[in-house]
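# Here's a sequence, model it:
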Amino acid sequence: MRLSFLSLLFFLITPVSVLRADALLVNQSMWSPAIAEIFITEGGVEVELEIGVSGTGSFKNLLPEKIYSALGYGDKLVTGRRQEFFEKQLLLLDDNQLPLVGELRQIGPSKRTLRDPFNGTPLPIQDNAPEVIRASLHFSYNNDTLPTQLTFYSRLGESIGFVAYHEKVAINDFRYLLSGQPINLNWNDPWYSAFQGRKFRRQNYAPMSGFIYVEPFEVRKEIIARPKDLQRWIELGLEGKTVISVDMQVEIKQKVAEFLAQHQPITIDGSSAEGILDSINFLERTMSSSQVIDPPQPLDINSAILGTIFVYPQDNLPQKVTMDWDLWDEHIQSVPAVAVDQEGPLTSILEPGYTRLEWINFLKKPFIPSLHAVESPAGRAQTLLAKALPISAGLILLAMAWLLTAIKRRQSWLFPACTTTILLTVCITASLKGQSNKPETEQAQRIVGSLLHNIYRAFDYRDEGDIYDKLERSVSGELLTDIFLETKRSLVLANQGGAQAKVKNVELTSVTIQPDNKQGQFQVEADWTVHGSVGHWGHIHRRSNRYLAKLTVAVDRERWKLQDMTVLQQERL
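Numbering: from 1, shown residues only. Below is the predicted model of the structure:
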């Protein structure tokens with residue numbers, strides 16, 4: 001029976017009634033026929049169910065009588081069926097193992113919430129979502145007492161994908177719920193509410209974590225921390241608050257940045273290093289990514305997270321980097337930490353007896369970005385010789401004719417012979433040494449490829465002065481500033497707080513020389529792709545951009561430089 005038929009029947013639904021029950025929650029992944037979102041609040045437990053077509057049989061006792069009968073399940077009254085559902089099929093027990101009161105508050109046709117296949121967050125586009133039955137359940141606490149533990153039991157015979165929240169803080173990532181798994185509830189700070197079994201511990205469970213990234217020209221220290229935890233060390237004005245308003249966030253970020261600058265000290269090659277604050281932002285974190293919350297919005301105090309980045313510029317690739325964690329208390333007893341280099345991440349768990357995150361350079365063949373040597377254009381003498389070649393070849397013919405005429409007339413042939421010899425020497429020299437600044441396709445491809453490589457490699461440096469110095473070797477005139485701004489913009493990841501991707505490689509697909517090139521410059525239509533990435537918060541963010549553009553390359557102070565660029569097409573891959 002197709003669910004679209006159910007949609008029509010649900011217009012005839014009668015009001016639902018309140019029943020007592022033992023409540024259990026079921027499980028499945030986000031692809032399962034049934035999905036449960038569980039919200040544990042001071043007012044009770046709310047359960048939002050999405051029941052797909054194939055799952056209606058397991059949840060048939062929730063269906064209104066007309067739907068129940070239309071689907072061929074019989075004519076059993078709804079009151080008895082729903083009481084059986086809450087007392088025998090889905091049970092929720094408190095810390096005294098007493099069942100909570102279950103209530104079906106709403107049921108009707110709806111659409112499946114389409115979710116990210118990796119982390120379960122709703123997708124921004126919900127087109128073509130399949131039809132489901134959506135049911136809202138409510139469980140009331142016994143004697144209005146907040147439980148310290150809740151346990152779900154299910155006898156529905158259906159795999160259910162679920163995620164549970166305690167006061168807006170996710171307790172677990174999307175999982176298949178196993179019957180009988182207790183949740184320990186911390187009402188003072190729901191961040192620390194958790195299933196007893198580690199199987200259901202969310203990936204981002206730690207209130208604080210630290211990262212060091214080691215690259216050829218910089219080291220980065222990245223700290224993730226909850227303002228609510230930092231409040232135990234510094235006054236952030238959060239006492240008694242439930243929400244961090246937008247107006248409070250600027251001052252909180254400033255205080256946290258100043259505080260963290262004095263903690264988790266970094267040592268590079270045996271010397272204490274002073275970092276430069278690069279950014280500090282409130283983050284939204286999932287299993288697969290972390291991104292800046294922009295524009296700012298009011299944040300729940302229990303789930304609000306700050307990400308702070310300090311940069312340590314380097315002249316080359318260090319040999320040893322350490323970070324010493326120095327923030328410990330009764331809640332901060334385990335800190336996930338990651339050291340990342342070109343080979344990938346090395347994960348550690350820091351504890352009060354093991355406080356140092358250490359990176360040692362074991363890279364056998366580290367990649368150190370460098371500029372390409374662009375082949376030089378022809379010098380003035382070479383271009384003059386190239387121009388002289390056709391002229392000298394023509395004059396040789398005239399000189400040889402003069403020499404032959406002198407011989408035939410038995411005149412002195414010494415002067416025409418010398419002239420011919422001189423012109424022949426010039427012609428041979430021009431042929432061997434002359435060079436035009438109108439390159440052939442293969443040479444143009446080498447020049448353009450090297451220039452593009454050097455332009456992007458300039459952005460391996462952090463200081464704008466260094467970037468301009470490197471760019472000036474490959475770009476001339478007013479285009480220098482345009483290239484700087486456009487390239488920097490294309491490498492910035494807006495959802496990472498302005499973090500800049502580092503270019504890994506530039507693929508030059510094609511170079512087509514355009515007609516009517518002038519001496520000392522040439523025009524091409526070039527097609528290339530730039531691949532870059534940046535690591536943040538333990539995740540690698542990759543970016544690839546493809547460009548099609550007309551480029552003018554000209555001789556500037558005895559160097560080939562990019563003089564003009566018109567982008568014809570730009571595509572994010």
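
# Can you verify my assumption that residue 164 contacts residue 172?
Yes. In terms of Cβ atoms under 8 Å, residue 164 counts as a neighbour of residue 172; the distance is 5.8 Å. From N, CA and C alone the C-beta is placed, and that goes for glycine too.

# The two: which has the busier surroundings?
The neighbour count for residue 164 versus residue 172, taken as other Cβ atoms under 10 Å, is higher for residue 164 (26 against 22).

# secondary structure element for that one?
For residue 164, the host element (DSSP states H and E) is strand 160-166.

# strand partners of that strand, parallel vs antiparallel please.
Under the criterion DSSP bridges, strand 160-166 sits next to strand 34-41 (parallel), strand 169-170 (antiparallel), strand 175-176 (antiparallel) in its sheet.

# For the stretch 201-350 of the chain, just list every one of the helices.
Remark: helices of the stretch 201-350 of the chain, listed N- to C-terminal, are 227-230, 246-260; assignment by DSSP state H, counting those that start in this stretch.

# Out of these, indicate the one that is most buried.
With neighbours defined as mean count of other Cβ atoms under 10 Å, the helices of the stretch 201-350 of the chain peak in mean count at helix 227-230, which reaches a mean of 20.

# Run the chain-centre distance for it.
On the basis of Cα atoms, centre = their mean, to the nearest Å, helix 227-230 is displaced by 25 Å from the centre of the chain it belongs to.

# contacts for that helix?
If you take Cβ atoms under 8 Å, 6 or more residues apart in numbering as the criterion, helix 227-230 is touched by 189, 191, 207-208, 236, 238, 244, 252, 256, 259, 301-302, 304, 306, 331-332.

# same thing but at 6 Å, please
If you take Cβ atoms under 6 Å, 6 or more residues apart in numbering as the criterion, helix 227-230 is touched by 207, 236, 252, 256, 301, 304, 306.

# In those, find the pair that's most separated.
Considering Cβ to Cβ, no two members of the contacts of helix 227-230 lie farther apart than 207 and 252, which are separated by 15.7 Å.

# Please enumerate the strands of the stretch 351-500 of the chain.
Taking DSSP state E, counting those that start in this stretch, the strands of the stretch 351-500 of the chain run over residues 356-360, 492-493, 499-500.

# quick one, domains of this structure?
Taking automatic domain parsing as the criterion, the chain consists of the domains 3-200, 208-360, 380-433, 441-572.

# that older thread, quick one, which of the strands paired with strand 160-166 is nearest to residue 325?
If we rank the strands paired with strand 160-166 by Cβ to Cβ, the stretch that ends up nearest is strand 169-170, at 23.5 Å.

# Report the mean confidence score over the closest one.
In this model, strand 169-170 has an average pLDDT of 90.

# what's the answer for stretch 99-110, then?
When pLDDT is averaged along stretch 99-110, the result is 92.

# quick revisit: I'd like the helices of the stretch 201-350 of the chain laid out as CSV, including distance to residue 275.
What follows is these, written out as CSV (distance: least, Cβ to Cβ, whole Å):
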stretch, distance to residue 275
helix 227-230, 18
helix 246-260, 9
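
# what stretches of the stretch 401-550 of the chain score poorly on pLDDT?
401-403, 406, 410-413, 415-416, 420, 423-424, 426-437, 488-501, 516-519, 538-540 (pLDDT under 70).

# where along it do the helices fall?
Under DSSP H, counting those that start in this stretch, the stretch 401-550 of the chain gives helices at 414-433, 441-457, 464-472, 479-491.

# Could you dump these into JSON lines and include mean neighbour count?
Shown next, in JSON lines, are the helices of the stretch 401-550 of the chain (neighbours: other Cβ atoms under 10 Å):
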{"stretch": "helix 414-433", "mean neighbour count": "15"}
{"stretch": "helix 441-457", "mean neighbour count": "19"}
{"stretch": "helix 464-472", "mean neighbour count": "15"}
{"stretch": "helix 479-491", "mean neighbour count": "15"}
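
# can these go into TSV with extra columns for distance to residue 126?
Conversion of the helices of the stretch 401-550 of the chain to TSV gives the following (distance: least, Cβ to Cβ, whole Å):
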stretch	distance to residue 126
helix 414-433	70
helix 441-457	38
helix 464-472	43
helix 479-491	30
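
# Ok, which of those comes nearest residue 369?
Distance to residue 369, taken as Cβ to Cβ, is lowest for helix 441-457 among these, at 5.3 Å.

# and the residue lying closest to residue 249 once chain neighbours are set aside, what pLDDT?
If you skip the residues right next to it in sequence, residue 249 has residue 296 as its closest partner in space, 5.7 Å away by Cβ to Cβ, 6 or more residues apart in numbering. Per-residue confidence at residue 296 stands at 90 (pLDDT).

# Now distance to residue 372 too, for the domains of the chain, in a markdown table please.
Below are these laid out as a markdown table (distance: least, Cβ to Cβ, whole Å):
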| stretch | distance to residue 372 |
| --- | --- |
| domain 3-200 | 38 |
| domain 208-360 | 16 |
| domain 380-433 | 22 |
| domain 441-572 | 4 |
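
# Of those, give the one that comes closest to residue 371.
The stretch from these with the least distance to residue 371 (Cβ to Cβ) is domain 441-572; that distance is 4.8 Å.

# Now a ChimeraX select for only the buried ones of the contacts of helix 227-230.
Restricted to buried positions by 16 or more other Cβ atoms under 10 Å, the ChimeraX selection for the contacts of helix 227-230 reads:
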select :207,236,252,256,301,304,306
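
# Adding pLDDT, write the contacts of helix 227-230 out as JSON lines.
Written out in JSON lines, the entries for the contacts of helix 227-230 read as follows (pLDDT from 0 to 100):
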{"residue": "207", "pLDDT": "91"}
{"residue": "236", "pLDDT": "94"}
{"residue": "252", "pLDDT": "96"}
{"residue": "256", "pLDDT": "96"}
{"residue": "301", "pLDDT": "93"}
{"residue": "304", "pLDDT": "93"}
{"residue": "306", "pLDDT": "94"}
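
# What is the nearest of the contacts of helix 227-230 to residue 102?
Relative to residue 102, and with distances defined as Cβ to Cβ, the nearest of these is residue 301, at 30.4 Å.

# Which residues are in contact with the closest one?
Contact analysis of residue 301 by Cβ under 6 Å, 6+ apart lists 228, 241, 242, 244.

# And these, which of them are buried?
228, 244.

# of all the contacts of residue 301, which two lie farthest apart?
Going by Cβ to Cβ, the two entries of the contacts of residue 301 that are most distant from one another are 228 and 242, at 10.6 Å.

# can you count the residues close to residue 123?
When neighbours are defined as other Cβ under 10 Å, residue 123 has 12 of them.

# From what I see, it and residue 114 are in contact.
Yes. In this structure, residue 123 sits in contact with residue 114. The criterion is Cβ atoms under 6 Å, and the distance is 4.8 Å.

# Now the terminal residues of stretch 199-213, how far apart.
From its first residue to its last, stretch 199-213 covers 29 Å (Cα to Cα, to the nearest Å).

# Return the set of buried residues in it.
Going by neighbour count (16+ other Cβ under 10 Å), the buried part of stretch 199-213 is 200, 202, 204, 205, 206, 207, 208, 209, 210, 211, 212, 213.
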